[in-house]
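> output the structure for:
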Amino acid sequence: MSSPFDLTGKTALVTGGAQGLGRMIAEGLANAGARVAITSRSKEKSAAAAKEISDSEMCVGLGADLSTPKAAVDLANEFREVLGDELHVLVNNAGQSWGADVDDFPDEAWDDVLAVNLQMPFTLVREFLPELEKAGQEEDPARILNIGSIAGATALRLRAYSYSASKAAIHQITRDLAGDLAKRNITANAILPGFFPTGMTAHLRDAEEQVNPRLLAKIPMKRMGKPDEIAALSVFLSCRASAYITGTAIPIDGGIVGCG
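Numbering: from 1, shown residues only. I've put the predicted structure just below:
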């Protein structure tokens, strides 16, 4: 019997998978044996990242500016043309943020952030339901992984009001989807990352990659997360080992939420 952590023969889609957390997740899924499609606004950038992740055809780069419902439809059609009619793992990772003091937080900071972080994951789930349902089995369901944030689970005082609200909402949508799709052999879980070394946290590290002590003081484990740690959690939630898990929101944050 194959390892319950083996993803060989499975197909995954990671939105925003050309960089940051999405890249870490895509690399983990590919290393576990899955064929992975990643997206970026730039198809050239996505294709280059895919080649870096795997020099075989195990990773494919697709272009998608996921800011409108039409973009979700276009992505689903392109996916079908390139990778076929089964999708075992959908990772909704692409996201957007906006930071400003409450006195100056503009109305325009809401529509775009909510569209990308909240509406788009739901729309992609809806568009890919035929592929997910075809791939899902009772003993090994298809998977939806929504990348939330600890900002949607605790008050981090980031001044990113629309971002934190969108992440709290995607955690709830994940629970709703889990209940509605269980009978169709599809699970839904949310991953809530804390602070990882990505472009979004570059301002918290110096030229030698030393992390701001004020941030470390807020993390019980006194460090940022490592790429292979979020990759491993994503692989676990995508593989047969987690077939009986759905409707969860799992922080991976060095204890910020759990120890707070």
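
> contacts, neighbours, all on C-alpha from now
Will do.

> mind listing the strands for the protein?
Ranges of strands in the chain, per DSSP state E, are 11-14, 35-40, 59-63, 89-92, 142-147, 186-193, 249-252.

> nearest to Met120, of those?
strand 89-92 (8.4 Å; CA to CA).

> ok so, going back, so which of the strands of the chain is nearest Lys51?
Of all the strands of the chain, it is strand 59-63 that lies closest to Lys51, at 7.0 Å by CA to CA.

> adjacent strands (with direction) for that closest one?
If you go by DSSP bridges, strand 59-63 pairs up with strand 35-40 (parallel).

> how far does the strand it pairs with sit from its chain's centre?
12 Å (CA atoms, centre = their mean, to the nearest Å).

> contacts only, for the nearest residue to Glu138 once chain neighbours are set aside.
Nearest non-adjacent residue to Glu138, counting by CA to CA, 6 or more residues apart in numbering: Asn185, 5.5 Å away. Residues in contact with Asn185 (CA atoms under 8 Å, 6 or more residues apart in numbering) are Glu133, Gly136, Gln137, Glu138, Asp140, Pro141, Ala142.

> could I get those residues as TSV with pLDDT and neighbour count?
Formatted as TSV, the contacts of Asn185 follow (pLDDT from 0 to 100; neighbours: other CA atoms under 10 Å):
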residue	pLDDT	neighbour count
Glu133	98	19
Gly136	98	20
Gln137	97	15
Glu138	96	13
Asp140	97	20
Pro141	98	28
Ala142	98	33
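
> and the two most separated of those residues?
By the measure CA to CA, Glu133 and Asp140 form the most distant pair in the contacts of Asn185, at 11.5 Å.

> how close does the residue most central in space within the chain sit to Arg23?
Central residue check for the chain by CA atoms, centre = their mean: the C-alpha nearest the mean position is that of Asn93, 2.9 Å away. Per CA to CA, to the nearest Å, Asn93 is found 10 Å from Arg23.

> ok, residues contacting the helix or strand of the chain with the lowest mean pLDDT?
Among the helices and strands of the chain, helix 213-216 carries the lowest confidence by mean pLDDT, DSSP states H and E, at a mean of 90. If you take CA under 8 Å, 6+ apart as the criterion, helix 213-216 is touched by Leu204, Lys222, Arg223, Met224.

> show the buried residues in those.
Leu204, Arg223, Met224 (16 or more other CA atoms under 10 Å).

> so who does the second one touch?
I take that to be Arg223. Arg223 neighbours (CA under 8 Å, 6+ apart): Val211, Leu216, Gly254.
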